[in-house]
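Colleague: got a predicted model here, sequence first, then my questions.
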Amino acid sequence: MAKTMAVNAGSSSLKFQLLEMPAEQVIAKGQIERIGLKDSIVTIKYGDGQKFETIEDIDNHEIGINKLLQSLLDLHIITDFNEITGVGHRVVAGGEWFNQSVVVTENVLEKIDRLAEYAPLHNPANAMGIRVFQKLLPNAISVAVFDTAFHQTMPKENYLYSLPYQYYTRYGARKYGAHGTSHRYVAERAAVMLDKPLTDLKLITLHLGAGASITAIKDGKSFDTSMGFTPLAGITMATRSGDVDPSLIYYIQEHEKLSNAEMLKILNGKSGLLGISSISSDMRDLLDVIDTNDHAKLAIDIFVNRVVKYIGQYVAEMGGIDAIVFTAGIGENSVPLRKMIIDKLGYFGIKLDEKQNEKRGSEIEISTSDSAVKALMIPTNEELMIARDVETLKNK
Ligand code: ADP
């Protein structure tokens, strides 16, 4: 049976899912952590609740991926490497070169390398993952799935900053967005749930995880999105600031004597929920103490405010809305957060069904049946989307 591997390679970790395709059945998933460090960990979950874990030093990605593939054989999850006929790789930055997933060629790899300028932490690791899998599984089709691709449909007035135009033509200075695979997946599922063609819908998809972004989807296409040139822009996130007046950055740098790199680290890693609350970057920790800790409450209030503000903008930009969709860690799991957000959206005709909102499980309509605008909770599934793209390109 043909199997497809969905891969998300980072600089010191690699997450994977192995799916039976076209049946879309997950047969194994797991990760390699601490690549290049001591005591690296390979974890594989498979079968009905079985788990394999090994801890040993893994010096580089090639050794790690070799170990992973060998373990899949040893655990009888596959009987031959050639059973894996496709590998789909998440790639963070696709720039203006990629508006959809592509089969990886030398030319594609070269472009991914060049786009490292836009995503210095991610693209080099993504490219390394691609190269190693190509070497170890030379017969499998290799596909790149870009976080930015879905957003390439944004109109110019939405993706361009109000900066001198030559910075766009010279350096590609514009909004690219991110989480595109997730927004695309939940939008497709929303259309199924609403029983309407996606092309007839105006949706706002809320990917609220540690990284968080909001996308306006009109006529089935990304129309606007909250992340910018990089994923730092937009709403308040776990440790990222989201939108800030750029002049303030220089003001703080001057007073605190911070280098550009140090300031960028603060904006990416010490701001957001963590920075405001000084308690935690995890929404669960903040919700636990919301009634007793003013800073936790303030962090949550700011988070909710930014989400609501973007929804308002996008309703106005699209000239209406049919449904909002909650997904990712916070969006899928936090009953109180969904309530806090929807309670502020009454003006738009969204009414929360509190009982539905408390329900666990997958794909739930959480608005009342008479709500003019629907609210949905849809668990995201980027790996499945990657596997589907591999399947589509394999059959082309
Ligand atoms: P990412 O993929 O961006 O790392 P996830 O989508 O996995 O993030 O989301 C992780 C975040 O989801 C956590 O940091 C936590 O804040 C939040 N989260 C998970 N479960 C809950 C919950 N039950 N209530 C509130 N927040 C939650």
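Modeller: Now that the structure is in, tell me what you want to look at.
Colleague: longest helix in this structure, please.
Modeller: Looking across the chain with DSSP state H, the single longest helix is helix 294-318.
Colleague: which helices and strands does the helix or strand following that one pack with?
Modeller: Next helix or strand after helix 294-318 toward the C-terminus (DSSP states H and E): strand 323-327. Here strand 323-327 touches helix 180-194, strand 202-208, strand 374-377, going by 3 or more C-beta pairs under 8 Å, 6 or more residues apart in numbering; DSSP states H and E. (Each C-beta comes from the backbone N, C-alpha and C, glycine too.)
Colleague: any idea which of the ones you listed gets closest to the ligand?
Modeller: Among the helices and strands packed on strand 323-327, strand 202-208 comes nearest to the ligand, with 7.5 Å by C-beta to the nearest ligand atom.
Colleague: about what we covered before: and the helices and strands packed on strand 323-327: which comes nearest Val308?
Modeller: Shortest separation from Val308 across these is recorded for strand 202-208, at 10.4 Å, computed as C-beta to C-beta.
Colleague: coming back round to it: tell me which of the helices and strands packed on strand 323-327 sits most buried.
Modeller: Most buried of those by mean neighbour count (mean count of other C-beta atoms under 10 Å) is strand 202-208; its value is a mean of 27.
Colleague: quick one: that strand to chain centroid distance?
Modeller: Its chain's C-alpha centre and that of strand 202-208 lie 12 Å apart, by C-alpha atoms, centre = their mean, to the nearest Å.
Colleague: and that strand, what does it pack onto?
Modeller: Applying 3+ C-beta pairs under 8 Å, 6+ apart, one finds that strand 202-208 contacts helix 180-194, strand 212-218, helix 294-318, strand 323-327, helix 328-333.
Colleague: so what does the third one touch, helix or strand wise?
Modeller: Packed against helix 294-318 by the contact rule (3+ C-beta pairs under 8 Å, 6+ apart) you find strand 202-208, strand 212-218, strand 221-225, helix 272-277, helix 283-288, helix 335-342.
Colleague: nearest to the ligand, of those?
Modeller: Smallest distance to the ligand across the helices and strands packed on helix 294-318 (C-beta to the nearest ligand atom): 3.4 Å, for helix 283-288.
Colleague: what sits up against that closest one?
Modeller: Outside helix 283-288, the residues within contact range by C-beta atoms under 8 Å, 6 or more residues apart in numbering are 238, 273, 277, 279-280, 293, 296, 299-300, 303, 329-330, 334, 336-337.
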